[in-house]
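1. Build me a model from this:
(one chain, ligands or ions: 1)
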Amino acid sequence: MRTVHIIGGGPAGLMLAAHLDPSKYRVTLFEKKKTVGRKFLVAGEGGLNLTYTASIEELTTQYSPDGFIDPILRQFTNDDLRNWLNLIGIPSFIGSSSRVFPDLNLKPIEVLNKILDHISTRGIAFQLDTPWTGWNTKGQLCFEGCEAVDSDIVVFALGGSSWKVTGSDGRWRTTFEERGVHVVPFRAANCAFGVDWNGDFIAVHEGKPLKNIALTYQDHYSKGELVISNFGLEGNAIYALSQKIQHTLLTEESTVIHLDLKPTLTIHELRQKYENSHRTKVTDILKKDLNLDRTAIGLLKQFTDKDTFLDPDRLIKTIKAVPVIIHSADELDKAISTLGGIALDEVDAHFQFKKIPDTYAIGEMLDWYAPTGGYLLQGCFSMGFVLAKHLNELEVGEAE
Ligand SMILES: Cc1cc2nc3c(=O)[nH]c(=O)nc-3n(C[C@H](O)[C@H](O)[C@H](O)COP(=O)(O)OP(=O)(O)OC[C@H]3O[C@@H](n4cnc5c(N)ncnc54)[C@H](O)[C@@H]3O)c2cc1C
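-> Predicted coordinates for the structure are as follows:
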């Protein structure tokens, strides 16, 4: 039997372990932490959004670069993921906004344990608390605290570089660069962005949500929710634009997003409501006739001069496009995911390194992006499955 060494026990590595053919491979999974799936559990703290319900055509539009994820998701779709989870005792349901979550009776740790129970039936060996440190001159894998090992096939699933406490610290970057592999520098994605609030506004509105809003950035649009924080803005509406904003911030000191406080109403409809009002104070009209809450009105005032505020035409146009200046992204370690990682042209269509024989990389450690909404976990699970399928189909000798 050939040996497969999987390094990294997150969703991508675990999914691979769950699907490799035990009659063909002797599999060991190495994990630097004392337990696997730590980031998966952190994801569970905010509601474990496993995937998203949509057609494959719609689903794939959320990932970049274009075309990268399509063949992967087509081989293991969102329905396939739900069916497989169900098969191993993890029923799921479609929540608000088409997001998929585990059955409400299942805690994230129970979901993880069910995946691990399933893996345990497949004879996988776990070597925990064993950080991989690189290769020796013989090309063997080196680990802290154990002998160097020979492998027939190595799969890295080391994750991105945020929430270092979970083990995904991106320290592997220099080790791969020393092997001549191009690693795109890490940057925060699905993260908060910095805004200079005036002191009065933030004192009153810190922590308050702006619900059912929309954002436009260049030619990109996203709907959802924002939360006002001392640092700036966070929430799914801005996370969805994070890759584009980060791209601009590479070369510009700041950039402007436009916030639509009433995406369900047109300028014309808002204007009519305004005109039909019998109230005289602008703030009362905004509150009672246009149904804007205190935080939305506070934000509007923050980015509107007095003349605009008192001119209904200009004010309504601003309600549909409040210009908010973004000056920075939040710290990498606080990000939900990271941009950067192993450049995609370093691996072939089966995730195999072009420069390192019989060695593969899957999951967030590759340089791809998706917004929050279950797309990240779906991408990682699909990659684990697709690579297992490929390795299971390899003829003996092909991987040598
Ligand atoms: C707060 C938060 C909320 C999230 N919520 C969601 C959500 O609801 N839905 C969603 O789709 N996604 C969510 N995500 C993102 C999702 O959790 C990640 O994209 C996913 O876990 C990445 O899986 P992975 O297997 O590629 O890597 P990881 O889960 O990061 O796992 C990598 C593993 O490799 C190990 N490792 C690293 N270096 C070494 C080494 N040198 N030696 C040995 N082992 C090593 C790490 O310890 C880790 O266990 C969230 C992330 C965060 C931080």
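2. you'd agree residue 236 is up against residue 227?
-> No. Using Cβ atoms under 8 Å, residue 236 makes no contact with residue 227, being 9.8 Å away. All C-beta spots, glycine's among them, are computed from the backbone N, C-alpha and C.
3. Report the buried residues of stretch 59-74.
-> Buried residues in stretch 59-74, counted by 16 or more other Cβ atoms under 10 Å: 59, 60, 62, 63, 64, 68, 69, 72, 73.
4. And it, end to end?
-> Using Cα to Cα, to the nearest Å, the end-to-end distance of stretch 59-74 comes to 10 Å.
5. and residue 378, what helix or strand is that in?
-> Following DSSP states H and E, one finds residue 378 within helix 375-393.
6. List the buried residues for that helix?
-> Buried residues in helix 375-393, counted by 16+ other Cβ under 10 Å: 375-389, 391.
7. Return only those of those residues found close to the ligand.
-> Filtering the buried residues of helix 375-393 for proximity to the ligand by Cβ under 6 Å from any ligand atom leaves 375, 376, 377, 380.
8. related to what we said a few turns ago, chain center to the helix holding residue 378, what's the gap?
-> Here the centre of helix 375-393 is set off from its chain's centre by 16 Å, with Cα atoms, centre = their mean, to the nearest Å.
9. Which secondary structure elements does it sit against?
-> Packing partners of helix 375-393 (3 or more Cβ pairs under 8 Å, 6 or more residues apart in numbering; DSSP states H and E): helix 11-19, strand 51-52, helix 70-75, helix 78-87.
10. For my notes, confirm residue 184 occurs in a strand.
-> Yes. Secondary structure of residue 184 (DSSP: H, G, I helix; E, B strand; the rest coil): part of a strand.
11. Of all residues in the stretch 301-400 of the chain, which one is closest to the ligand?
-> Among the residues of the stretch 301-400 of the chain, residue 363 lies closest to the ligand, at 2.4 Å counting by Cβ to the nearest ligand atom.
12. Contact partners for that residue?
-> Applying Cβ atoms under 8 Å, 6 or more residues apart in numbering to residue 363 gives the contacts 8, 10, 11, 12, 13, 157, 158, 159, 379, 380, 383, 384.
13. you'd agree residue 256 is in a strand?
-> Yes. Secondary structure of residue 256 (three-state DSSP): part of a strand.
14. Name the nearest residue to it, ignoring sequence neighbours.
-> Closest residue to residue 256 apart from its sequence neighbours, by Cβ to Cβ, 6 or more residues apart in numbering: residue 323 at 5.1 Å.
15. For burial, what's the neighbour tally of that neighbour?
-> Look at residue 323: counted by other Cβ atoms under 10 Å, it has 11 neighbours.
16. show me the contacts for it.
-> For residue 323, the contact set (Cβ under 8 Å, 6+ apart) comprises 256, 257, 258, 303.
17. Looking at the residues you listed, which is nearest residue 335?
-> Taking Cβ to Cβ as the measure, residue 335 lies nearest residue 257 of the contacts of residue 323, at 17.7 Å.
18. Break the protein into its domains for me.
-> 2-188+337-393, 193-329 (automatic domain parsing).
19. Of those domains, which stretch is the most buried?
-> domain 2-188+337-393 (a mean of 19; mean count of other Cβ atoms under 10 Å).
20. hang on, the earlier thing: can you lay out the domains of the chain as JSON lines showing mean pLDDT?
-> Below are the domains of the chain laid out as JSON lines (pLDDT from 0 to 100):
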{"stretch": "domain 2-188+337-393", "mean pLDDT": "97"}
{"stretch": "domain 193-329", "mean pLDDT": "96"}
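21. Can you name the residues of this protein that neighbour the ligand?
-> Residues of the chain lying near the ligand by Cβ under 6 Å from any ligand atom: 7-13, 30-33, 36, 38-40, 42-43, 46, 48-49, 131-132, 157-159, 162-163, 167-168, 172, 336-337, 363-364, 374-377, 380.
22. quick revisit: quick one, the helix holding residue 378 and helix 78-87 angle?
-> Following axes from the mean of the first three to the mean of the last three Cα atoms, to 10 degrees, one obtains 80 degrees for the angle between helix 375-393 and helix 78-87.
23. so residue 258 touches residue 321, yeah?
-> Yes. Judged on Cβ under 8 Å, residue 258 makes contact with residue 321 at a distance of 4.1 Å.
24. Report the set of residues contacting both of these two.
-> Joint contacts of residue 258 and residue 321 (Cβ under 8 Å, 6+ apart) are residue 216.
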